[in-house]
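Engineer: can you look at this prediction? I've put the sequence above it.
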Amino acid sequence: MSIHLLKEIELLKKKLLSLGVLVSKTLHLAIQSIEKQDAELADKIEEDDDIVDQMEVEIEEDCLKILALHQPVAIDLRFVITVLKINNDLERIADLAVNIAKKGKHISRAENFVMPIDFRGLCRIVEKMLDEGIACLVQMDVNTAKNICLSDNQVDKIHKSSYELVRNAILKDPQNYDSYINCLSISGHLERIGDQATNIAEDVCYMVVGKIIRHKKF
């Protein structure tokens with residue numbers, strides 16, 4: 001590997017990690033906004049999403065530049081491909097966090113509304129999956145990446161149980177139908193963030209060992 005390529009790859013890694021930290025912060029604020037029903041936090045998240053979009057485009061352009069000018073091979077090629085994929089996953093997570101915040105804003109306007117879903121457990125699992133996904137990228141930690149994939153099953157199970165909770169709440173309090181549906185949407189967004197975090201973990205495994213592990217059971 002040339003010194004120039006090494007420098008560009010290190011810079012690319014730093015940019016991706018910075019994006020990961022910002023997206024993690026965005027998700028954390030989105031979760032806070034629904035737990036506290038804080039509309040101001042939701043507005044801040046939308047502002048941060050513009051920065052995420054700019055960073056995502058810059059990282060993609062850097063990846064394409066490296067591929068065109070240096071034609072990397074082996075682990076270097078896998079790294080650039082992995083960055084391209086994780087870059088997209090992180091941007092998508094930020095979009096989902098914005099959607100969560102928007103749904104939370106609608107819910108906060110409902111009077112005497114009690115959420116039928118306890119989001120705390122689901123939120124903590126999803127946050128941990130994302131943070132560990134970013135960490136295992138830095139450490140090239142395949143074992144942690146595989147554990148993240150296992151956590152996704154738990155997220156799916158919790159989200160599935162949300163349907164019955166929302167259905168029962170609507171039957172008891174049909175006037176707040178829209179707010180209950182927004183709660184279900186939030187659960188769905190969190191479940192999809194879990195999927196994206198799993199994608200990141202799978203991509204890390206590909207980068208380290210050179211094998212695609214999607215759809216495999218551990």
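Structural biologist: Nice, thanks for sending it over.
Engineer: specify the next element, helix or strand, located C-terminal of the helix or strand harbouring residue 6.
Structural biologist: Assigned by DSSP states H and E, residue 6 belongs to helix 3-36. Using DSSP H and E, the helix or strand that directly follows helix 3-36 along the chain is helix 39-70.
Engineer: quick one: buried residues of the helix or strand following that next one?
Structural biologist: As assigned by DSSP H and E, the chain's next helix or strand after helix 39-70 is helix 74-108. Of all the residues in helix 74-108, those buried under the rule 16 or more other CB atoms under 10 Å are 76-105, 107-108. For every residue, glycine as well, the C-beta is placed using N, CA and C.
Engineer: what sits against the residue nearest the centre of the chain?
Structural biologist: Centroid-nearest residue in the chain, with CA atoms, centre = their mean: residue 93, separated by 3.5 Å. Contacts of residue 93 were listed using CB atoms under 8 Å, 6 or more residues apart in numbering, and they are 23, 26, 27, 130, 193, 196, 197.
Engineer: for residue 115, what are phi and psi?
Structural biologist: Main-chain torsions, residue 115, degrees, to the nearest 10: phi -70, psi 130.
Engineer: okay, now the residue nearest to it when sequence neighbours are not counted: neighbour count?
Structural biologist: The shortest distance from residue 115 to any non-neighbouring residue, by CB to CB, 6 or more residues apart in numbering, is to residue 183 (5.7 Å). Neighbours of residue 183 under the rule other CB atoms under 10 Å: 24.
Engineer: residue 183 contacts residue 113, correct?
Structural biologist: No - in this structure, residue 183 is not within contact of residue 113 by CB atoms under 8 Å, at 9.3 Å.
Engineer: what's the overlap in contacts for these two?
Structural biologist: Common neighbours of residue 183 and residue 113 (criterion: CB under 8 Å, 6+ apart): residue 107.
Engineer: farthest-apart pair in the contacts of residue 93, please.
Structural biologist: The span of the contacts of residue 93, defined through CB to CB, is set by 26 and 197 at 13.6 Å.
Engineer: could the contacts of residue 93 be laid out in JSON lines, adding neighbour count and distance to residue 48?
Structural biologist: JSON lines is the format used below for the contacts of residue 93 (neighbours: other CB atoms under 10 Å; distance: CB to CB, whole Å):
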{"residue": "23", "neighbour count": "28", "distance to residue 48": "9"}
{"residue": "26", "neighbour count": "27", "distance to residue 48": "5"}
{"residue": "27", "neighbour count": "25", "distance to residue 48": "10"}
{"residue": "130", "neighbour count": "26", "distance to residue 48": "15"}
{"residue": "193", "neighbour count": "29", "distance to residue 48": "16"}
{"residue": "196", "neighbour count": "24", "distance to residue 48": "17"}
{"residue": "197", "neighbour count": "29", "distance to residue 48": "18"}
